[in-house]
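> Model the following, please.
(chains A and B)
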There are 2 protein chains.
Amino acid sequence: MGSAIARRLVENRARVVTYLEGRSASTVERAKAAGMEPVGLDAIAASRLILSIVPPAEAVAVAKQVAAELRRRGSKTTFMDCNAISPKTMGEVAAIFGSDCGVVLDGSIIGGPPKPGQKGPKLYVSGDAANDSGVLVEHGLQVRRIDGAIGAASALKMCYAGINKGVTGLGTAMLLAAIRSGADAALKRELQESLPDLDAKFVHGIPDMYPKAYRWVAEMEEISEFLGEDDPAALIFKGMAGLYRKMARDREEGGLLADQLGKLNSGS
Amino acid sequence: MGSAIARRLVENRARVVTYLEGRSASTVERAKAAGMEPVGLDAIAASRLILSIVPPAEAVAVAKQVAAELRRRGSKTTFMDCNAISPKTMGEVAAIFGSDCGVVLDGSIIGGPPKPGQKGPKLYVSGDAANDSGVLVEHGLQVRRIDGAIGAASALKMCYAGINKGVTGLGTAMLLAAIRSGADAALKRELQESLPDLDAKFVHGIPDMYPKAYRWVAEMEEISEFLGEDDPAALIFKGMAGLYRKMARDREEGGLLADQLGKLNSGS
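Below is the predicted model:
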């Protein structure tokens, strides 16, 4: 997502820099292909607007790294956390920056990475009273500012992802259970007949999920934390995290479950 | 469901009897309106085919009651459990009858109660080598016999309900969370734009759920048990049971949450 967003900005005449220290060769390659310039942390801190687009489990560490550099330099900027983190974690990120590092914005991205000829995902932003995100609109991103302080955009992302990735998880779990029980052919036919929209979503969404399952584990845990212990639905997303952990492990171990699901969904 | 199925059978020239001892006045009224004849347990036991269509938590008790009557009479018949119970509970039902009471079939119903002019739900049946369910087809029901022994039709129902009622649960949980977080208007608009099929399902499915939520609690618990402790998805349905328990309680207490969801879904 980060490199695709950067590419869209670069294509629209923005200068985009990135910090690649310790990142994998494929990440470095992707960043360069997108037109980003690899720079040191000091040049990141000197940027007009910093976007954090990383796996959710790393959002806090990235915020600490950037805030430390800003304090070392004694400079201020605007930092937008765009990650799928809970409002509470977003509050932690804001607290890391405090009031001496500039402005912190709550961003969240809904939709797939931008592709040529498409409008691309929406970047929702809350806490943006001064329209610091306006520069992103000028450089080709779809931005939707929403009412509410830090936390509102993160909450929106939690709720949307809970539905979107939760539905994919339900389909994965129940199709696998049907395969184990010998009810898979009957279930597939019944879905096609009475829930064709969901069947279509599973046919596309389940294979799309496999390579992302390892990332979705932390995202499901964030949703569970977001809902809170008092909400019985928090347990739903603890289960979803476990399911996606299972699918990530299946992929590492050769993809036996993925193959079974693939055969069922292709009708072979 | 039971009375609507009975009505369809009666309309197609079947004689349908039912046992109403200890049932509520509204159940008795509904049974009579559907054309069923209230009879004693002895006449139930003398029927050619017995259908058990009750809340899932009562399926085992009904099976015990019927088996005891068959043993008292020393007669045999065919008993089809049509309830949303797990294959394991279905196995318990079959064990209650043993081999001295006749034939036990595993049935499950997918779809809403039959309405005039519509084909009505599908009754899936497994373990029906002798086509004992054929008489239901002659009297107007849609029956689909599936491969597999006792348990296969129950597994199908668990998997289908896990998807269908699970999706409604996800929508309920996340719309409520969005309302709590002030992200509800943005979420509703995003759903309409990028997941319109799911939005439409929530608009109809969530209000349809309220009066049934108390029944869905046991159904979600059955799905959790069906998946088993080794499947991380079992936790998803423990959470779903808790969510539907919350919605059932909300209804008893005046429907505050239902009102909030209704306002959001109607755009008011």
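> Poorly predicted segments of the stretch 101-250 of chain A, please.
Within the stretch 101-250 of chain A, no stretch has pLDDT under 70.
> Strands of that one, start to end?
A:102-110, A:122-126, A:142-145 (DSSP state E, counting those that start in this stretch).
> Next, format the ones you listed as TSV and append mean neighbour count.
To be clear about C-beta, it is placed using only N, CA and C from the backbone, and glycine gets the same treatment. Listed next are the strands of the stretch 101-250 of chain A as TSV, based on neighbours: other Cβ atoms under 10 Å in any protein chain shown:
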stretch	mean neighbour count
strand A:102-110	24
strand A:122-126	24
strand A:142-145	17
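> Of all those, which one comes closest to B:Gly111?
strand A:102-110 (33.3 Å; Cβ to Cβ).
> and the angle from the closest one to strand A:122-126?
140 degrees (axes from the mean of the first three to the mean of the last three Cα atoms, to 10 degrees).
> Give the partner strands of strand A:102-110 in its sheet and their orientations.
strand A:77-81 (parallel), strand A:122-126 (antiparallel) (DSSP bridges).
> Run through the bridge partners of A:Met80.
A:Leu51, A:Leu105.
> mind checking how far it is from A:Gly102?
11 Å (Cβ to Cβ, to the nearest Å).
> for the residue most central in space within chain A, what are its contacts?
The residue lying closest to the centre of chain A (Cα atoms, centre = their mean) is A:Ala84, at 4.8 Å. Contact analysis of A:Ala84 by Cβ atoms under 8 Å, 6 or more residues apart in numbering or on different chains lists A:Pro56, A:Ser108, A:Ile109, A:Lys157, A:Met158, A:Ala161, A:Glu219, A:Glu222.
> Please apply the same query to A:Ser224.
A:Ala234, A:Leu235, A:Ile236, A:Phe237, A:Lys238, A:Met240, A:Ala241.
> Check these for burial and list the buried ones.
Buried members of these, scored by 16 or more other Cβ atoms under 10 Å in any protein chain shown, are A:Ala234, A:Leu235, A:Ile236, A:Phe237, A:Lys238, A:Met240, A:Ala241.
> Quick one: the helices in the stretch 51-200 of chain A, in order.
A:59-73, A:87-97, A:134-138, A:152-181, A:184-194, A:196-209 (DSSP state H, counting those that start in this stretch).
> What sits closest to the spatially most distant residue from the centre of chain A if chain neighbours are left out?
Most distant from the centre of chain A: A:Gly182, at 35.0 Å, with distances by Cα atoms, centre = their mean. Distances taken as Cβ to Cβ, 6 or more residues apart in numbering or on different chains place B:Gly148 nearest to A:Gly182, at 4.9 Å, with adjacent residues excluded.
> residues near the one you found, how many?
As a burial measure, B:Gly148 scores 18 neighbours (other Cβ atoms under 10 Å in any protein chain shown).
> Hmm, it is touching B:Ser126, no?
Yes. Because the distance of 4.7 Å satisfies Cβ atoms under 8 Å, B:Gly148 is recorded as touching B:Ser126.
> just to revisit the earlier point, just flag the most distant two among the contacts of A:Ala84.
A:Ile109 and A:Glu222, at 14.2 Å, using Cβ to Cβ across the contacts of A:Ala84.
> how much space between A:Leu227 and chain B?
6 Å (Cβ to the nearest Cβ, to the nearest Å).
> wait, what's in contact with A:Ile163?
Applying Cβ under 8 Å, 6+ apart, the residues contacting A:Ile163 are B:Leu170, B:Gly171, B:Met174, B:Leu191, B:Leu195, B:Leu198.
> my bad, should have said A:Asp106
Counted by Cβ under 8 Å, 6+ apart, A:Asp106 has contacts A:80-81, A:87, A:90, A:94, A:125-127, A:149-154.
> cutoff 6 Å now
A:Met90, A:Ser126, A:Gly127, A:Ile150, A:Ala153, A:Ser154 (Cβ atoms under 6 Å, 6 or more residues apart in numbering or on different chains).
> Nearest spatial neighbour of A:Tyr160, chain-adjacent residues omitted?
Nearest non-adjacent residue to A:Tyr160 (Cβ to Cβ, 6+ apart): A:Ile110, at 5.5 Å.
> who's that neighbour bridged to?
With DSSP bridges applied, A:Ile110 shows beta-bridge pairing to A:Lys122.
> For it, give its distance to B:Arg73.
64 Å.
> Would you mind naming what in the stretch 101-250 of chain A lies close to chain B?
A:110, A:146, A:148, A:152, A:155-156, A:159-160, A:162-163, A:166-167, A:170, A:173-174, A:177-178, A:181-183, A:186-187, A:190, A:197, A:227, A:232-233, A:235-236, A:238-239, A:242-243, A:246 (Cβ under 6 Å from any Cβ of the partner chain).
> what number of residues lie near A:Ala95?
Neighbour tally, A:Ala95, other Cβ under 10 Å: 12.
> typo on my end, it should be A:Gly254
Counted with other Cβ under 10 Å, A:Gly254 comes out at 9.
> hmm, back to that, in PyMOL, how would I select just the buried ones from the contacts of A:Ala84?
Remark: buried members of the contacts of A:Ala84, expressed as a PyMOL selection using 16+ other Cβ under 10 Å:
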select buried, chain A and resi 56+108+109+157+158+161+219+222
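> Dump the contacts of A:Ala84 into JSON lines; add distance to B:Ala6 as well.
Output for the contacts of A:Ala84, formatted as JSON lines (distance: Cβ to Cβ, whole Å):
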{"residue": "A:Pro56", "distance to B:Ala6": "52"}
{"residue": "A:Ser108", "distance to B:Ala6": "51"}
{"residue": "A:Ile109", "distance to B:Ala6": "53"}
{"residue": "A:Lys157", "distance to B:Ala6": "48"}
{"residue": "A:Met158", "distance to B:Ala6": "45"}
{"residue": "A:Ala161", "distance to B:Ala6": "44"}
{"residue": "A:Glu219", "distance to B:Ala6": "47"}
{"residue": "A:Glu222", "distance to B:Ala6": "49"}
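> related to what we said a few turns ago, now tabulate the strands paired with strand A:102-110 in a markdown table and tack on distance to B:Ile50.
Output for the strands paired with strand A:102-110, formatted as a markdown table (distance: least, Cβ to Cβ, whole Å):
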| stretch | distance to B:Ile50 |
| --- | --- |
| strand A:77-81 | 61 |
| strand A:122-126 | 56 |
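> Mind checking those strands for the one nearest to A:Leu20?
That would be strand A:77-81 among the strands paired with strand A:102-110, by Cβ to Cβ, at 18.4 Å.
> Fine, thanks again, bye for now.
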